[in-house]
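Chemist: Mind folding the following:
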Amino acid sequence: MNDASHLESRFQALLHVIDEAQAQAAAGRVMDLSALKTDAERLCAEILKAPPEVARNFQPLIGDMISRLDSLEQTLNTLRTQGDS
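Modeler: Numbering: from 1, shown residues only. Reported below is the predicted structural model:
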């Protein structure tokens, strides 16, 4: 597996974790997300070190990840607000 394929595989795995966290939160459960920030930062740092032609291919995926994280944040905030009531 080349570096680009390896990075994409890891990125897809990270998106899967975000999607699973979203599904759990929508069902009223909160996953342990303590490693998510570290994993995302590490992966993004590796993408930044990749050759420009490889890194450029990740721009749409990064935008998608940000959108999914925003959605997860909203769901978790709603869940927390409901729990405070």
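Chemist: residues in contact with the helix or strand where S5 lies?
Modeler: Applying DSSP states H and E as the criterion places S5 in helix 3-26. The contact list for helix 3-26 (CB atoms under 8 Å, 6 or more residues apart in numbering) reads 1, 30-31, 33, 36, 39-40, 43, 46-47, 50, 54, 57-58, 61, 64-65, 68-69, 71-72, 75-76, 79. C-beta: built from backbone N, CA, C; applies to glycine.
Chemist: Scan this protein for its longest helix.
Modeler: For the chain, the longest helix by residue count, based on DSSP state H, is helix 59-84.
Chemist: That one - what's its average pLDDT?
Modeler: Averaging pLDDT along helix 59-84 gives 92.
Chemist: what does stretch 11-26 give?
Modeler: Stretch 11-26 comes out with an average pLDDT of 96.
Chemist: Now do the buried residues in it.
Modeler: With burial defined by 16 or more other CB atoms under 10 Å, the residues of stretch 11-26 counted as buried are 11, 14, 18, 21-22, 24-25.
Chemist: Quick one: buried ones out of the contacts of helix 3-26?
Modeler: If you count burial by 16+ other CB under 10 Å, the buried members of these come out as 31, 36, 40, 43, 46-47, 58, 61, 65, 68-69, 72, 75-76, 79.
Chemist: quick one: which two of the residues you listed are the most distant?
Modeler: Greatest spacing in those, by CB to CB: E46 and L79 (31.6 Å).
Chemist: so how far is stretch 58-77 off the chain centroid?
Modeler: In this view, stretch 58-77 has its centroid 7 Å away from the chain centroid, taken as CA atoms, centre = their mean, to the nearest Å.
Chemist: How about residues contacting it?
Modeler: When contacts are defined by CB under 8 Å, 6+ apart, stretch 58-77 is touched by residues 7-8, 11, 14-15, 18-19, 21-22, 25-26, 30, 40, 44, 47, 50.
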